[in-house]
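Student: Turn this into a structure:
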Amino acid sequence: VSQGNYGNWDSSLKHLINFSGNNILFRDVDETFCENFRDYLIHKAKKKNGDPLSSSSVSSYFNKFRASLKEAVR
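Tutor: Presented below is the predicted three-dimensional model:
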C-alpha cells in the first residue's frame, strides 16, 4: 500500500467508524448495512473542513470498504 493509498484506506476506516462505531460485527454487515454506509458517505460524511465529500471520495471510500469485505470472505 503506497503512502497516498494508505490515506484513502485510513479515511475510509474513519468514516466507517463514524458511521457505525468501533465494534462492528460481521453478522451485522448485510446488504442494508452496506447501502446505509454508502448513503452516509453521500449525504452525511464530511471532510475535515466540514464540506461534504466529493463523489470521487465517496466512490473511493466505498470501494475500499467493498474490497475489505471481499477479502474477509476470501
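Student: residue farthest from the centroid of this protein?
Tutor: R74 (19.2 Å; C-alpha atoms, centre = their mean).
Student: And the pLDDT for it?
Tutor: Among the per-residue scores, R74 holds a pLDDT of 93.
Student: Pass me the low-pLDDT residue ranges in this structure, would you?
Tutor: 1-4 (pLDDT under 70).
Student: what's I42 in contact with, if anything?
Tutor: Neighbouring residues of I42 by C-beta atoms under 8 Å, 6 or more residues apart in numbering: L53, V58. (Glycine included, C-beta is placed from N, CA and C.)
Student: Quick check: it vs N22, distance?
Tutor: To N22, I42 is 23 Å away according to C-beta to C-beta, to the nearest Å.
Student: For S68, see how far away the residue farthest from the centre of the chain is.
Tutor: The value you get for R74 to S68, if C-beta to C-beta is used, is 11 Å.
Student: How many neighbouring residues does N23 have?
Tutor: Using other C-beta atoms under 10 Å, N23 has 7 neighbouring residues.
Student: quick one: it is in a helix?
Tutor: No - N23 is assigned coil when assessed by DSSP: H, G, I helix; E, B strand; the rest coil, not a helix.
Student: what about the residue most central in space within the chain, which SS state?
Tutor: Nearest to the mean C-alpha position of the chain, counting by C-alpha atoms, centre = their mean, stands S12 at 4.0 Å. Following three-state DSSP, the label given to S12 is helix.
Student: can you count the residues close to the nearest residue to K46 once chain neighbours are set aside?
Tutor: Leaving aside its chain neighbours, K46 sits nearest to P52 (6.3 Å; criterion: C-beta to C-beta, 6 or more residues apart in numbering). When neighbours are defined as other C-beta under 10 Å, P52 has 14 of them.
Student: Can you name the residues that contact P52?
Tutor: P52 touches H43, A45, K46, counting by C-beta under 8 Å, 6+ apart.
Student: Phi and psi next, for it.
Tutor: phi -70, psi 160 (degrees, to the nearest 10).
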